[in-house]
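Peer 1: Let me see the structure of the following:
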Amino acid sequence: MIRFLFSLFFLAMTSMASAQVHDYPALYRVTGVASDDVLNVRSGPGVENRIVGALPPSATQVEIVGTTQDRGWGRVSLGEVSGWVSMRYLDRIGPDWNAGLPAPLYCHGTEPFWSYERAIGGGTFSSVAEPAPVPYAELWSGTPSGRGPQAFGIVLDSGTSTMTAIIRREICSDGMSDRDFGISGMFLRRTSQGTEVLEGCCALVR
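Peer 2: Below is the predicted model:
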């Protein structure tokens, strides 16, 4: 009986941990803030930390990449920096990661500078080496067999080149700003000029 109860407890804790992991990054809207007020963004999780920015009371598409253990404070992207906001004033609006990789999705990297903007059914690749943006059709996307929505694969074709990408939900730094991203991306691109690996970060909003 004790072993059975322990097993149930272990399964419950595992499910809770999985649910936490699967939540972020996520989009929110500001709620419960007066029209003449703002939601402060702070340098750390707590009102004792200095204010580094603010969100208007009508803000939507607020990307949270993670929270404190008690979920009281969320790590938010704000331009070129990241800060902390009280989750009390945020309502989640998506995405549902179990439904698949969301679109739009914005990925970019440096050295060389490149970007891939994913839309439904495909996307557009740009780089300093390309004279114009290259549209790609998305042939397939999905998760690893037997795994949850922590990582995704994408297969892309432009007609003259191909790309295969691995997208992972994890904290990522672009190496240039103080902003934390909640998604990393690695793209293997094959063209008539050769093959290159491009590594960078992705976000749910620009």
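Peer 1: Tell me the secondary structure at residue 98.
Peer 2: helix (DSSP: H, G, I helix; E, B strand; the rest coil).
Peer 1: I'd assumed residue 149 was in contact with it.
Peer 2: Yes - contact criterion Cβ atoms under 8 Å: residue 98 and residue 149 qualify, at 5.6 Å. (Each C-beta comes from the backbone N, C-alpha and C, glycine too.)
Peer 1: So between these two, which is more surrounded?
Peer 2: Counting neighbours by other Cβ atoms under 10 Å for residue 98 and for residue 149 shows that residue 149 has the greater number, 18 against 9.
Peer 1: how far away is the nearest residue to that one once chain neighbours are set aside from residue 25?
Peer 2: Distances taken as Cβ to Cβ, 6 or more residues apart in numbering put residue 97 closest to residue 149, at 4.2 Å, once the chain neighbours are dropped. Residue 97 sits at a distance of 9 Å from residue 25 (criterion: Cβ to Cβ, to the nearest Å).
Peer 1: and what of residue 103?
Peer 2: On the measure of Cβ to Cβ, residue 103 and residue 25 end up 14 Å apart.
Peer 1: Comparing those two, which residue is more hemmed in?
Peer 2: residue 25 (24 against 16).
Peer 1: That one reaches residue 67, doesn't it?
Peer 2: No - applying Cβ under 8 Å, one finds residue 25 not in contact with residue 67, separated by 10.7 Å.
Peer 1: what touches both of the two?
Peer 2: Here residue 25 and residue 67 share no contacting residue, scored by Cβ atoms under 8 Å, 6 or more residues apart in numbering.
Peer 1: Mind splitting this structure into its structural domains?
Peer 2: 2-94, 98-203 (automatic domain parsing).
Peer 1: weakest of these in terms of mean pLDDT?
Peer 2: Of all the domains of the chain, the minimum mean pLDDT falls on domain 2-94 (a mean of 83).
Peer 1: could you say which helix or strand contains residue 53?
Peer 2: strand 51-55 (DSSP states H and E).
Peer 1: In the next helix or strand after that strand, which residues are buried?
Peer 2: Remark: after strand 51-55, the chain's next helix or strand is strand 62-67, criterion DSSP H and E. Under the neighbour-count criterion of 16 or more other Cβ atoms under 10 Å, strand 62-67 has 62, 63, 64, 65, 66, 67 buried.
Peer 1: Mind giving me the packing neighbours of strand 62-67?
Peer 2: Counting contacts by 3 or more Cβ pairs under 8 Å, 6 or more residues apart in numbering; DSSP states H and E, strand 62-67 packs against strand 26-30, strand 73-78, strand 81-86, strand 180-191.
Peer 1: For that strand, C-alpha coordinates in PDB please.
Peer 2: Listed next in PDB are the C-alpha coordinates belonging to strand 62-67 (Å, rounded to 0.1, in the frame of the first residue of the first chain):
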ATOM      1  CA  VAL A  62       3.700  40.100 -23.900                       C
ATOM      2  CA  GLU A  63       6.200  37.200 -24.100                       C
ATOM      3  CA  ILE A  64       7.100  35.500 -20.800                       C
ATOM      4  CA  VAL A  65      10.000  33.100 -21.100                       C
ATOM      5  CA  GLY A  66       9.800  31.700 -17.500                       C
ATOM      6  CA  THR A  67       8.700  32.400 -14.000                       C
END
